[in-house]
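1. need the 3D shape of this:
(chains A and B)
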Amino acid sequence: MLEIKNLHVKLEEEDKQILKGVDLSVGAGQVHAIMGPNGSGKSTLSYVLSGKDGYEVTQGGAQLEGADILDMEPEERAAAGLFLAFQYPVEIPGVGNMTFLRTALNGQRKARGEAEMNSAEFLKLVRAKAADLQISNDMLKRPVNVGFSGGEKKRNEILQMAVLEPKMCIMDETDSGLDVDAMKLVAQGVNALRDAGRSFLVITHYQRLLDHIAPDIVHIMADGRIVKSGGPDLALEVEKNGYADILAEVA
Amino acid sequence: MALAQVKADLTDVLLARHAVPTKGAGWASEARAEAAARLRVMGAPVRRDEYWRYTDPASLTAADAPEAAVLAVDEEPIFGAVDRLRVVFVDGRMDADLSDDLTGEGLTIEPLSQALATDIHWAREVYGVLEARGQTPVARPLAALNTAVAGAGLAIRVTGKVSRPLALTYLHHDTNSDAVIHHVIKLEPGADLTLLENGPAAARFNKCLEVDIAQDAAFHHVRAQGRDHERRAVTHMFARLSARSVFKSFTLTVNGVLTRNEAVIEFTGDDAHATVAGACAGDGVFQHDDTVFVTHDAVNCESRQVFKKVLRNGAVGVFQGKILVKAGAQKTDGYQISQGLLLDDDSQFLAKPELEIYADDVACSHGSTVGAVDPEALFYLTSRGVPAHEAQNMLVLAFLDEAIQEVEEDVLADALRGRLQEWLARRQSA
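-> Just a heads-up that it's a prediction; the model follows:
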């Protein structure tokens, strides 16, 4: 599904190398988790993959189902099936949640040469998905993320994921700022989307989220590289001993 | 040449270019003569005047109206969905055939020329009177010119709640037309009127609106200035508010090489409310200037100024807004916001917010910002699959919507939103 090879990335504005050769292969239907200390490059990886400005790829590449995605515009990547659940979902006053989501869905469909969804079908689809995530009609009517609590914002991300049905979901610290109940709700939403044709890359600081979203493979990232990969036990090890031991071991 | 001489010579040009109506009651002739005299004292506007520094008035004071091609418009009239009483002006002249009968429940409408030819008429208390009051402390010479020479317009007296809006449409047919229109409106106690205006009116348009609002009366005004690219307009609105009255005005402007909209609001009675708002979108040769002056001379009045401008390809937006709170105007609540959204590096937004306060128990705030489209928001939208141009349009509309929300009637606000969407869509396909 997602193949990242020897990816080197620096900041566009300053001479600072963030990613120093990331190799990662996520198979169809798999859930991979990336853990790592602050500043290891986890969020940068998610931004570079989804096409945010400000980064320069100096070496290596990334393919989604065989297509080079790093040359694509963000909306082309989305249409190709990539989705980033933001660590800090952006508030957009004046743009209605529903208008936004429908424009996004139909933008993707159009880009893929599919028929656009009419408003009745769309409304039905969103209402059903929103109910599962306990998202009220009022939240749907409000401007995008405006006045939402931290938990509501994250649920809104999962709603978007559920409606857009991407193939490759990247979740950037989706657990940050969530209480236990909200985290369970978000994890349920994610688990409901798991299937053989959809992959997840879950970026997190803590093992806690991985209790709810069971990963197939766990990677430890440090200083711009993936330094260790393993099974779910690796996350437990981090939880118990912190990163220091692992980093010392691979150094 | 000394500045005074330049202004005096230009004043001669201004007064010579319009024929002063000869018909009229004694009081009307006097009002016109007084306005001409006011103009001579002030002199024609020049760039060196404090309130014309950001907008060059040269094409407004030139002898001939610069040519403006007539835009072939294929869309429905903007307020077409609204049941309304229609009056149509073509190049500054009223066209009775295109207009409805000038009768409506709760109001009387007369052509201005008829009102000004009547010896005893309420218009005497308004025509040129509010304009003259609005000349201090800031001179508005082109409004005095209007009073001195206007031959067309309406005198509207509102005695009750008028259910159907009065809609004035200004058509532009002649590429060289130089129109002067002056309306006087008097709202009696408790009266309520919605006035709609739309259209370019002429190649060069000078419009003056005087509105006298008695206690407990409400005046709602929504206007869409025509989108002929080369048109020029200078408009003045003078409003006097009595106790507990309401004045709300909104203007949408797209296109036009030069637009100067002045609003002069005066609170003379307590507990009144005034809102002056506007949204504009300009692309290329476009100079749009909102100059607003609100005088609080009564207790517990609230005023709002809300202006939003989206500019690209060298378009220029200007905002000069002032709140003057006179001594004794306690409990004044004055609010002012002006914001420019620049879609490229070539465009400009020039803002001059002013507060002058002589009372100690007031709440006045003003804010002015200028910026580009938020890249975080743009990335969020595009990362979900919204095409980049649509994402930008969504953000532009969201920005302007904060001004459009000042329009109370949803059907009118939606008509304005539709106009902006069409404008953006045309730019997309171009």
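
2. just the helices from chain B, written as ranges.
-> Assigned by DSSP state H, the helices in chain B fall at B:3-17, B:26-42, B:58-61, B:112-116, B:129-133, B:141-149, B:375-383, B:388-404, B:410-429.

3. can I get those in CSV with mean pLDDT, distance to chain A and mean neighbour count?
-> (Glycine included, C-beta is placed from N, CA and C.) Output for the helices of chain B, formatted as CSV (pLDDT from 0 to 100; distance: least, C-beta to the nearest C-beta, whole Å; neighbours: other C-beta atoms under 10 Å in any protein chain shown):
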stretch, mean pLDDT, distance to chain A, mean neighbour count
helix B:3-17, 95, 42, 15
helix B:26-42, 97, 41, 18
helix B:58-61, 96, 34, 18
helix B:112-116, 97, 40, 21
helix B:129-133, 98, 36, 20
helix B:141-149, 98, 35, 26
helix B:375-383, 96, 4, 21
helix B:388-404, 95, 3, 20
helix B:410-429, 90, 11, 16
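
4. format those helices as TSV; extra columns: distance to A:Phe100.
-> Formatted as TSV, those follow (distance: least, C-beta to C-beta, whole Å):
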stretch	distance to A:Phe100
helix B:3-17	51
helix B:26-42	51
helix B:58-61	42
helix B:112-116	49
helix B:129-133	46
helix B:141-149	44
helix B:375-383	7
helix B:388-404	7
helix B:410-429	15
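
5. so which of those helices is nearest A:Ser43?
-> Across these, A:Ser43 has its closest neighbour in helix B:375-383 (13.5 Å, C-beta to C-beta).

6. okay, angle between that closest one and helix B:388-404 too, please.
-> Counting by axes from the mean of the first three to the mean of the last three C-alpha atoms, to 10 degrees, helix B:375-383 lies at 130 degrees to helix B:388-404.

7. dump helix B:375-383 to CSV, restricted to CA.
-> Provided in CSV are the C-alpha atoms of helix B:375-383 (Å, rounded to 0.1, in the frame of the first residue of the first chain):
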residue,chain,number,x,y,z
PRO,B,375,-2.1,28.5,4.5
GLU,B,376,-3.1,26.2,7.4
ALA,B,377,-6.7,26.4,6.5
LEU,B,378,-5.9,26.0,2.8
PHE,B,379,-3.8,22.9,3.5
TYR,B,380,-6.5,21.4,5.7
LEU,B,381,-9.1,21.8,3.0
THR,B,382,-6.9,20.5,0.1
SER,B,383,-5.7,17.6,2.2
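
8. off-centre distance for that helix?
-> 35 Å (C-alpha atoms, centre = their mean, to the nearest Å).

9. what packs against it?
-> Counting contacts by 3 or more C-beta pairs under 8 Å, 6 or more residues apart in numbering or on different chains; DSSP states H and E, helix B:375-383 packs against helix A:74-80, strand A:92-96, helix B:388-404.

10. relative to B:Leu252, which of the ones you listed is closest?
-> Of these, nearest to B:Leu252 by C-beta to C-beta is helix B:388-404, at 7.8 Å.

11. which other helices and strands does the closest one contact?
-> strand A:92-96, helix A:97-111, strand B:246-254, strand B:273-283, strand B:302-312, strand B:333-342, helix B:375-383, helix B:410-429.

12. now the helices for the stretch 51-200 of chain A?
-> Remark: helices assigned in the stretch 51-200 of chain A by DSSP state H, counting those that start in this stretch are A:74-80, A:97-111, A:119-132, A:137-141, A:150-164, A:180-193.

13. tell me which of the ones you listed is the most buried.
-> helix A:74-80 (a mean of 23; mean count of other C-beta atoms under 10 Å in any protein chain shown).

14. which residues pair with the closest residue to chain A within the stretch 101-250 of chain B across the strands?
-> Closest contact between the stretch 101-250 of chain B and chain A, by C-beta to the nearest C-beta, is at B:Phe250 (16.6 Å). Counting by DSSP bridges, B:Phe250 is bridged to B:Val222, B:Ala277.

15. just to revisit the earlier point, now distance to B:Ala329 too, for the helices and strands packed on helix B:375-383, in CSV please.
-> Formatted as CSV, these follow (distance: least, C-beta to C-beta, whole Å):
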stretch, distance to B:Ala329
helix A:74-80, 52
strand A:92-96, 33
helix B:388-404, 26
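
16. up against chain B, what does chain A have?
-> Contacts of chain A with chain B, taken as C-beta under 8 Å from any C-beta of the partner chain, map to A:50-53, A:73-75, A:77-79, A:83-84, A:86, A:89-90, A:92-95, A:99-101, A:103-105, A:107-108, A:111, A:143-144, A:160, A:164.

17. if you set the cut-off to 6 Å instead, what comes out?
-> Contact residues (C-beta under 6 Å from any C-beta of the partner chain) of chain A with chain B: A:50, A:52, A:74-75, A:78-79, A:84, A:90, A:92, A:94-95, A:103-104, A:107-108.

18. tell me the least confident of those residues?
-> Here the lowest pLDDT out of these sits on A:Gly94, with 89.

19. thank you, goodbye.
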